[in-house]
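Asker: Here is a sequence together with a model predicted from it:
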Amino acid sequence: MRNIEWIAAAELDAVPQDDVIGVEVGGRDIALYSVDGEIYASDNICSHGHARLCDGFLDGHEIECPLHQGKFDVRSGKALCAPLTEDIRCYPVKIEDGRVFLALA
């Protein structure tokens, strides 16, 4: 069994409730979402067009891309509607000592 490498992504209080922010973690552009007290993480670039999801609109567990209004489920990365045809990658999250950590591998 391999060990999971957890990388610090942000302070927990830097992620506003029911909103999304963009951060760079391990050289990757990541979106962090706070929904109903839970933190989720995904790639920050839309799979359809080169738009940053952190510039989109978060409605519950759905992030709307600011470019073509496609929506993804932030819990799974699943593409929910046209024009999206490809999911985005999501990452495991843990909260420890008031900080958000991600497993990127």
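Answerer: Structure received.

Asker: And the residue nearest to residue 4 when sequence neighbours are not counted, how close does it get to residue 41?
Answerer: Using CB to CB, 6 or more residues apart in numbering and skipping the chain neighbours, the partner closest in space to residue 4 is residue 103 (4.8 Å). Placement of C-beta: from N, CA and C, glycine included. Residue 103 is 9 Å from residue 41, where distance means CB to CB, to the nearest Å.

Asker: and the spatially closest residue to residue 39 that is not a sequence neighbour, what does it touch?
Answerer: Nearest non-adjacent residue to residue 39, counting by CB to CB, 6+ apart: residue 93, 5.1 Å away. Contacts for residue 93 were tallied using CB atoms under 8 Å, 6 or more residues apart in numbering; they are 39, 40, 41, 100, 101, 102.

Asker: Am I right that the fifth one sits in a strand?
Answerer: Yes - assessed with DSSP: H, G, I helix; E, B strand; the rest coil, residue 101 lies in a strand.

Asker: Number of residues surrounding it?
Answerer: 21 (other CB atoms under 10 Å).

Asker: these two touch, right, it and residue 94?
Answerer: Yes - Residue 101 lies in contact with residue 94 (CB atoms under 8 Å); the separation is 5.0 Å.

Asker: what's the overlap in contacts for those two?
Answerer: The contact sets of residue 101 and residue 94 overlap at residue 6 (CB under 8 Å, 6+ apart).

Asker: follow-up on the earlier one: what touches both of residue 103 and residue 41?
Answerer: Contact criterion CB under 8 Å, 6+ apart; residues shared by residue 103 and residue 41: 91, 92.

Asker: neighbour-wise, which of the two wins?
Answerer: Taking other CB under 10 Å, residue 103 and residue 41 do not tie; residue 41 has more neighbours (27 against 13).
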